[in-house]
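*Asks:* below: sequence and its predicted model.
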Amino acid sequence: MKRNKLNWASAMGALAGVVAITAMPREARAIPAFAAQTGMPCSACHIGFPQLTPFGRAFKMDGYVQGGTFPDIKNFAAMVEGGFTQLHDKVPGGLAPDFRSNNAWSIQQTSLFYGGALDGNIGLGGFVQGTFDGIGHQFHWDNLDIRLAQMTTLANKRLVYGFTFNNAPGLTDLWNTLPAWGYPFIPAGLGVGQTAGLQTTGLAQAVAGVGGYAALNVTPSDLLYAEADLYKALPNHAAFTLGVGPEAPIPGPIPYWRLALQHSSWKQSIELGTSGLIDHPYPSGFTHGPTDTLADVGVDAQYQYITVKHAFSVQAAYFHEFQHWAASYPQGGTANLNDSLDSESLNASYLWHQMFGVTEAFDNITGNADSGLYNTGTANANGKPNTQSYTTELDYYPFNTDGPKFFPWVNAKFFIEDTFYTQFNGLAHNYDGNGRSAQANDVLFTGIWLVF
């Protein structure tokens with residue numbers, strides 16, 4: 001695939017230069033706030049962050065309190081994500097407001113967060129993140145998960161149970177299969193966005209909810225996990241105050257559920273699960289009256305094999321979204337009374353010596369044609385949502401097992417992501433009616449994810 005300036009050869013050269021500069025013997029930890037609290041190495045909780053290991057999942061499930069009692073300065077940290085974006089073809093008018101039409105540098109996001117114990121004596125802990133969006137030039141609240149966790153026994157089996165206050169369906173999940181924590185972990189913010197997406201993804205940070213969860217060790221190797229949450233769209237004033245306004249036009253509660261079974265051995269773990277939610281949004285442009293119905297139901301699986309030298313993981317997920325336009329269809333907002341959307345994702349990653357990683361990923365969205373729902377002129381001319389992509393990613397983690405003595409909790413990920421599309425918004429060629437092909441949106445994104 002030909003690119004107009006930056007290509008894989010030059011990108012690899014840049015990464016090699018970074019490796020030569022940073023590959024020096026050091027001593028280190030993990031993700032800053034949690035590493036400082038627990039004193040554990042990054043590899044204890046992560047396979048190349050943010051993927052969680054079995055220990056990392058237990059730390060999260062137990063309320064983020066291990067190694068801590070009350071808030072401390074070490075529980076505060078920061079994060080910066082930035083890099084260089086190149087599309088196969090430029091985007092007339094700019095990749096985003098105030099950005100060039102191609103070959104653009106950006107600080108995608110800068111975040112501050114608190115992570116760890118709030119009151120470890122009662123099992124209260126949390127993860128709180130605020131982010132400045134370098135693309136949209138706006139500060140907003142980001143991931144929020146406050147937990148109260150307890151441990152007991154049920155029929156002589158270990159049972160962990162707890163309660164959570166959070167702001168995104170799936171954010172509380174322990175595996176990297178659901179959209180909230182799934183691949184891509186660093187999407188190109190200046191890439192061209194497709195017109196269709198799951199409601200589960202779209203609700204992130206636009207809602208707030210409470211829920212309960214329980215994890216039962218049915219055997220020493222088998223964990224049964226169940227969770228139920230109830231969300232509510234943020235009021236308009238709160239949404240704008242938190243940087244995510246206007247409010248999501250969804251009245252009433254939004255139920256979310258999760259069920260998963262994990263089997264673990266010394267080196268391996270495998271998870272099989274299902275999840276879903278249902279909500280009733282108003283038609284576009286309305287804040288009262290009749291509503292539509294959107295229901296997402298998914299199945300997912302994850303496999304991990306972890307040793308000192310090698311870490312291998314595979315995640316797969318399938319979601320079906322049922323769309324019943326009881327309010328939008330009579331008003332002409334959709335061409336059909338009922339539509340459906342299907343999302344499939346599959347990715348495999350390998351990490352060598354906790355330092356060099358490679359990921360291969362496949363994503364596919366399909367659905368029936370609806371000229372009222374998807375026909376947005378220059379973005380989608382044929383009324384179909386179908387989009388298919390393949391991604392190859394190369395990573396280098398200089399501080400996963402070592403780190404500078406003067407700042408042992410710093411961590412970094414240098415990455416190169418190359419994504420190419422075989423279909424975009426319904427077609428491989430001329431999807432927008434103006435001659436733009438799916439290939440035109442192929443994106444090469446390279447940069448750094450720095451946490452400290």
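*Replies:* Happy to help now that I have it.

*Asks:* residue 132: how many residues sit nearby?
*Replies:* 18 (other C-beta atoms under 10 Å). In short, each C-beta sits where N, CA and C put it, glycine included.

*Asks:* quick one: contacts for it?
*Replies:* 109, 110, 111, 138, 139 (C-beta atoms under 8 Å, 6 or more residues apart in numbering).

*Asks:* how about a cut-off of 10 Å?
*Replies:* Listed by C-beta atoms under 10 Å, 6 or more residues apart in numbering, the contact set of residue 132 reads 80, 107, 108, 109, 110, 111, 112, 138, 139, 140, 142, 243.

*Asks:* give me the buried entries from the residues you listed.
*Replies:* Burial by neighbour count, 16 or more other C-beta atoms under 10 Å: within those this picks out 80, 108, 109, 110, 111, 140, 142, 243.

*Asks:* relative to residue 356, which of those is nearest.
*Replies:* residue 80 (21.9 Å; C-beta to C-beta).

*Asks:* right, and that closest one touches residue 186 too?
*Replies:* No - distance between residue 80 and residue 186: 11.5 Å, which falls outside the contact criterion (C-beta atoms under 10 Å).

*Asks:* what do those two both touch?
*Replies:* Counting by C-beta under 10 Å, 6+ apart, the common neighbours of residue 80 and residue 186 are 108, 109, 447, 448, 449.

*Asks:* as JSON lines, those residues with distance to residue 379 and pLDDT would be great.
*Replies:* Output for the shared contacts of residue 80 and residue 186, formatted as JSON lines (distance: C-beta to C-beta, whole Å; pLDDT from 0 to 100):
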{"residue": "108", "distance to residue 379": "22", "pLDDT": "95"}
{"residue": "109", "distance to residue 379": "24", "pLDDT": "95"}
{"residue": "447", "distance to residue 379": "26", "pLDDT": "96"}
{"residue": "448", "distance to residue 379": "31", "pLDDT": "95"}
{"residue": "449", "distance to residue 379": "29", "pLDDT": "93"}
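
*Asks:* just give me the closest of those to residue 86.
*Replies:* Relative to residue 86, the closest of those is residue 447; by C-beta to C-beta it sits at 11.6 Å.

*Asks:* look up how far residue 114 lies from the residue nearest to the closest one when sequence neighbours are not counted.
*Replies:* The shortest distance from residue 447 to any non-neighbouring residue, by C-beta to C-beta, 6 or more residues apart in numbering, is to residue 83 (1.7 Å). Applying C-beta to C-beta, to the nearest Å, the value for residue 83 to residue 114 is 26 Å.

*Asks:* who has more neighbours, those two?
*Replies:* Under the criterion of other C-beta under 10 Å, the comparison of residue 83 against residue 114 puts residue 83 first, with 23 against 17.

*Asks:* what residues are up against the more buried one?
*Replies:* By C-beta under 10 Å, 6+ apart, the contact list for residue 83 reads 104-108, 186, 188-190, 414-417, 444-449.

*Asks:* same thing but at 6 Å, please
*Replies:* For residue 83, the contacting residues are 445, 446, 447, by C-beta atoms under 6 Å, 6 or more residues apart in numbering.

*Asks:* take those residues and keep only those in strands.
*Replies:* When the contacts of residue 83 are checked against strands (DSSP state E), the matches are 445, 446, 447.

*Asks:* test my guess that the second one contacts residue 85.
*Replies:* The one in question is residue 446. No - using C-beta atoms under 6 Å, residue 446 is not in contact with residue 85, being 8.4 Å away.

*Asks:* who's more crowded, those two?
*Replies:* residue 85 (26 against 23).

*Asks:* helix/strand/coil for that one?
*Replies:* Under the three-state scheme (DSSP: H, G, I helix; E, B strand; the rest coil), residue 85 adopts strand.

*Asks:* and it, bridged to which residues?
*Replies:* As for beta bridges, residue 85 partners with residue 104, residue 445 under DSSP bridges.

*Asks:* I figured it was touching residue 104, is that so?
*Replies:* Yes - taking contact to mean C-beta under 6 Å, the distance of 5.3 Å between residue 85 and residue 104 places them in contact.

*Asks:* need the overlap of contacts for the two.
*Replies:* Between them, residue 85 and residue 104 have residue 190 as joint contacts when contacts are counted by C-beta under 6 Å, 6+ apart.

*Asks:* quick one: the helix or strand that contains residue 35 to chain centroid distance?
*Replies:* Secondary-structure element containing residue 35, defined by DSSP states H and E: helix 32-38. Helix 32-38 has its average C-alpha position 21 Å from the chain's average C-alpha position, going by C-alpha atoms, centre = their mean, to the nearest Å.

*Asks:* can you name every helix or strand that that helix contacts?
*Replies:* In terms of contacts (3 or more C-beta pairs under 6 Å, 6 or more residues apart in numbering; DSSP states H and E), helix 32-38 is packed against strand 104-119.

*Asks:* run a quick neighbour tally on the spatially closest residue to residue 339 that is not a sequence neighbour.
*Replies:* Closest residue in space to residue 339, ignoring its immediate chain neighbours: residue 323 at 4.2 Å, by C-beta to C-beta, 6+ apart. Residue crowding around residue 323 was assessed by other C-beta under 10 Å; the count is 22.
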